[in-house]
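Asks: Mind looking at a prediction? Sequence and model below.
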Amino acid sequence: MNALQQYIDLYREHSGLLERHAPAVLNALRPSALATLTSARLPRKGEEDYEATDLEAVFAPDYGVNLTRLDYPIDPAESLRCDVPNLSTCLLHTFNDVPHIGHLARRNLNGPIVETFTEAAHNHPDVLAAHLGRLSHKGDATAALNTLLAQDGLLVYMPAGVTAAKPIQLLNILSAARPTMAVRRLLVVAEADSHVRLLACDHTQGSGVQSLNLQVVEMVLGPRATVDYYDLEESNADTRRVSTIFAEQHDGSELLIDGITLTNGLTRNNYHIEVEGERASTQLLGMTIASGSQHVDTRSFVRHSAPRCSSNQMFKYVLSDQAVGAFAGKVLIEEGCPRVEAYQGNRNLCASPEAKMYTKPQLEIYTDDVKASHGTTIGQLDQEAMFYMRTRGIPEHEARRLLMQAFMADVIDSVRFDVLRDRLHHLVEKRFDGTLASCAGCAICK
C-alpha cells in the first residue's frame with residue numbers, strides 16, 4: 001500500500017477531531033492538501049533521475065499522531081538545558097508538536113510577536129490568512145501531509161521597522177514511548193525594514209523508539225527585511241526528520257539559512273526559495289557530519305524571478321563509516337532577469353571507503369547578462385597533508401580531525417552569532433573526536 005494512504009485514511013476517519021483542535025485558517029487548507037495527496041506517491045531510492053532517499057520507506061511505519069492534542073507538560077529548566085553560553089536569547093519550545101510560549105519569553109520579546117496559530121487566529125488573523133500555506137502549496141507531498149495533519153504551529157511576526165533585540169530560540173524536543181509523528185509548523189513574516197535572528201534546535205530524548213519529525217517552515221521577507229535562520233539538528237539514530245523550508249523574498253531583503261546536522265538517524269532537508277525582488281540577497285548554507293549508518297539528504301531549489309539579485313549556496317559533508325550523504329540543487333534564472341549573480345557549491349569529504357555521496361547540482365538560465373556557476377567535489381583526506389603532519393609528531397587521529405575541521409571552517413565562519421560560531425567550532429571538534437554523544441543532555445547547547 002502507498003505509505004501515504006494510511007494517513008489519508010486517518011484524516012478521513014478523524015477529520016472532525018483534527019479540525020476541532022485547530023484554527024479555521026488551518027482547516028481551510030486541508031481540502032487542497034488532501035487533493036494533492038490522493039494523486040501523489042512518495043519516491044523510492046533510485047526510481048527517479050536522482051533519488052537517494054527511500055521516502056516511501058520512511059513514512060511506511062505506523063507512526064502515532066497526537067489527534068486529541070494531549071499536552072505533554074515539560075519544564076525546560078528541569079528536563080534539559082538548551083542555552084548557548086553568553087548568548088542571551090528568547091527561548092520557546094515545542095514538545096513533540098505542541099508549542100509552548102512561557103510568560104518569560106513573552107516579556108523578553110519586546111517588539112517581535114510570537115504566538116501559536118490558535119492565538120494568532122484571534123490576535124492577528126490577517127497575517128495568518130495572507131501567508132499561512134501560501135508558499136507550501138507547491139505540490140510537495142510531504143508538505144501536503146503536514147498541512148493535512150497539523151493542528152497548531154508558531155507564528156513569528158515582525159511588524160514593519162521592528163528589530164528583535166534578542167535572537168529567538170526555538171527548542172524542539174521529540175520524546176515518546178511509542179512510534180510517533182510530530183507534525184510541526186512555523187510561519188515567519190518579516191515586514192519591511194524588520195530584522196530577526198532565529199535559532200532552531202532539534203533534539204530527541206530517549207532511544208529505541210522510531211519517531212518522525214515532519215516539519216514545514218514558511219518565511220516571507222518584505223522589502224529590506226533581514227532574516228537569519230540557523231537550523232541545528234542533534235537527534236538520535238531512531239529519529240527520522242523530513243523538513244521543508246519555503247521562503248519568499250522581496251526588494252532588498254536578506255535571507256541567510258544555515259542548516260547544521262551533527263548527529264541524526266535519517267534526515268531529508270528541502271529548501272524552496274523564491275527570490276522575487278530586485279537586489280534581494282540569499283545565502284543558503286549547510287554542514288553535515290555523518291558516521292555509522294546515518295543518512296542526510298539535501299534538496300534545494302532557488303528561483304530568481306527578478307533582476308539584480310543574488311544567491312549563494314554552499315553545502316559541505318564529511319562522511320565516515322557507512323554514512324550516506326546526498327545533495328541535489330537547482331538554480332533557475334527566469335527570462336527577463338539580467339544581472340543576477342548565483343553560485344551553487346557542494347563539497348564532500350568521504351573519510352572511509354564505505355561512505356557514499358550522491359550529488360547533482362543544476363543551473364537553468366533563460367536570460368543574458370548573468371553570473372552563475374555551480375560545482376561539486378567528492379574527495380578523501382589529503383594524504384600529503386596527513387603525511388606532513390605525521391612527520392611532525394601529530395598522531396594520525398588528531399591529524400584527521402584537524403583536516404576535517406579545516407574543511408568545515410568556512411561554513412561555520414558564516415554564522416553571524418559570534419558566541420554560536422565559537423560554540424560550533426568546539427562542538428565540531430568534539431564530534432570529530434567522537435566525544436559528542438547523540439543528544440546527551442542537549443549537548444549542542446550546553
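Replies: On my side now, so go ahead. Numbers count the residues shown, from 1 in each chain.

Asks: CA only for contacts and neighbour counts going forward, please
Replies: OK.

Asks: which residues sit against the helix or strand hosting Lys330?
Replies: Taking DSSP states H and E as the criterion, Lys330 maps to strand 324-333. The contact list for strand 324-333 (CA atoms under 8 Å, 6 or more residues apart in numbering) reads 50, 52, 290, 293-305, 317, 319, 340, 342, 344, 346, 355-367.

Asks: Quick check on these: which are buried?
Replies: Buried by 16 or more other CA atoms under 10 Å: 52, 290, 293-305, 317, 319, 340, 342, 344, 346, 355-357, 359, 361, 363, out of the contacts of strand 324-333.

Asks: Quick check: strands, which of the contacts of strand 324-333 are part of them?
Replies: Here DSSP state E is the test, and the contacts of strand 324-333 give 290, 295-304, 317, 319, 342, 344, 346, 356-365 as lying in strands.

Asks: pLDDT at Ala399, what is it?
Replies: With respect to pLDDT, Ala399 scores 75.

Asks: Checking it next. Helix, strand or coil?
Replies: helix (DSSP: H, G, I helix; E, B strand; the rest coil).

Asks: which stretches of the chain have low pLDDT?
Replies: 1, 48-50, 71-87, 382-390, 392-393, 396, 436-446 (pLDDT under 70).

Asks: Next up, the contacts around Phe59.
Replies: Ala3, Leu4.

Asks: any idea how far it lies from Arg241?
Replies: Going from Phe59 to Arg241 by CA to CA, to the nearest Å gives 10 Å.

Asks: and if you look at Met158?
Replies: On the measure of CA to CA, Met158 and Arg241 end up 28 Å apart.

Asks: ditto for Val58
Replies: Distance of Val58 to Arg241, given as CA to CA: 9 Å.

Asks: Looking at the two, which is more packed in?
Replies: Neighbour tally, Val58 and Arg241, criterion other CA atoms under 10 Å: the higher count belongs to Arg241, 24 against 17.

Asks: Mind checking what secondary structure the more buried one has?
Replies: strand.

Asks: surely it meets Gln210?
Replies: No: using CA atoms under 8 Å, Arg241 is not in contact with Gln210, being 10.7 Å away.

Asks: and the closest residue to Ala355 other than its chain neighbours, what does it touch?
Replies: In space, and not counting its chain neighbours, Ala355 is closest to Gln322: 4.7 Å by CA to CA, 6 or more residues apart in numbering. When contacts are counted by CA under 8 Å, 6+ apart, Gln322 is found next to Ser291, Gly292, Ser293, Gln294, Ser352, Glu354, Ala355, Lys356.

Asks: Now render the residues you listed as a markdown table, adding distance to Ala409.
Replies: Shown next, in a markdown table, are the contacts of Gln322 (distance: CA to CA, whole Å):
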| residue | distance to Ala409 |
| --- | --- |
| Ser291 | 19 |
| Gly292 | 23 |
| Ser293 | 24 |
| Gln294 | 22 |
| Ser352 | 21 |
| Glu354 | 24 |
| Ala355 | 21 |
| Lys356 | 22 |
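
Asks: which one of these sits closest to Ser310?
Replies: If you rank these by distance to Ser310 using CA to CA, Lys356 comes first, at 31.4 Å.

Asks: how far away is that closest one from His250?
Replies: Here Lys356 is placed at a distance of 38 Å from His250 (CA to CA).

Asks: and if you look at Pro99?
Replies: 29 Å.

Asks: how far off strand 356-365 does the strand holding Lys330 point, in degrees?
Replies: 0 degrees (axes from the mean of the first three to the mean of the last three CA atoms, to 10 degrees).

Asks: which one of the contacts of Gln322 sits closest to Leu18?
Replies: Looking across the contacts of Gln322 and measuring by CA to CA, the closest to Leu18 is Gln294, at 33.5 Å.

Asks: What about that closest one? Give its phi and psi, please.
Replies: Per-residue torsions, Gln294: phi -70, psi 150 (degrees, to the nearest 10).

Asks: Contact partners for it?
Replies: Gln294 neighbours (CA under 8 Å, 6+ apart): Ala237, Thr263, Asn264, Gly265, Leu266, Gln322, Ala323, Val324.

Asks: So which of those residues are in strands?
Replies: Checking the contacts of Gln294 against DSSP E, those in strands are Thr263, Leu266, Val324.

Asks: Tell me how many other residues crowd the residue nearest to Tyr7 when sequence neighbours are not counted.
Replies: Of all residues not flanking Tyr7 in the chain, Leu145 sits nearest, at 7.9 Å (CA to CA, 6+ apart). By other CA under 10 Å, 22 other residues sit near Leu145.

Asks: elements contacting the helix or strand containing Leu145?
Replies: For Leu145, the host element (DSSP H and E) is helix 141-149. The contact analysis (3 or more CA pairs under 8 Å, 6 or more residues apart in numbering; DSSP states H and E) places helix 141-149 against helix 5-20, helix 30-38, strand 180-190, strand 211-221.

Asks: mind running it again at 7 Å?
Replies: Applying 3 or more CA pairs under 7 Å, 6 or more residues apart in numbering; DSSP states H and E, one finds that helix 141-149 contacts helix 30-38, strand 211-221.

Asks: tell me the contacts of Leu92?
Replies: His100, Ile101, Ala105, Gln169, Leu170, Leu171 (CA atoms under 7 Å, 6 or more residues apart in numbering).

Asks: Now the phi/psi pair for Ala120, please.
Replies: Dihedral angles (degrees, to the nearest 10) for Ala120: phi -60, psi -30.

Asks: since we're on it, how many residues are nearby?
Replies: There are 21 residues near Ala120, going by other CA under 10 Å.

Asks: How about Thr38?
Replies: 12.

Asks: Quickly note the distance from it to Lys138.
Replies: 15 Å.
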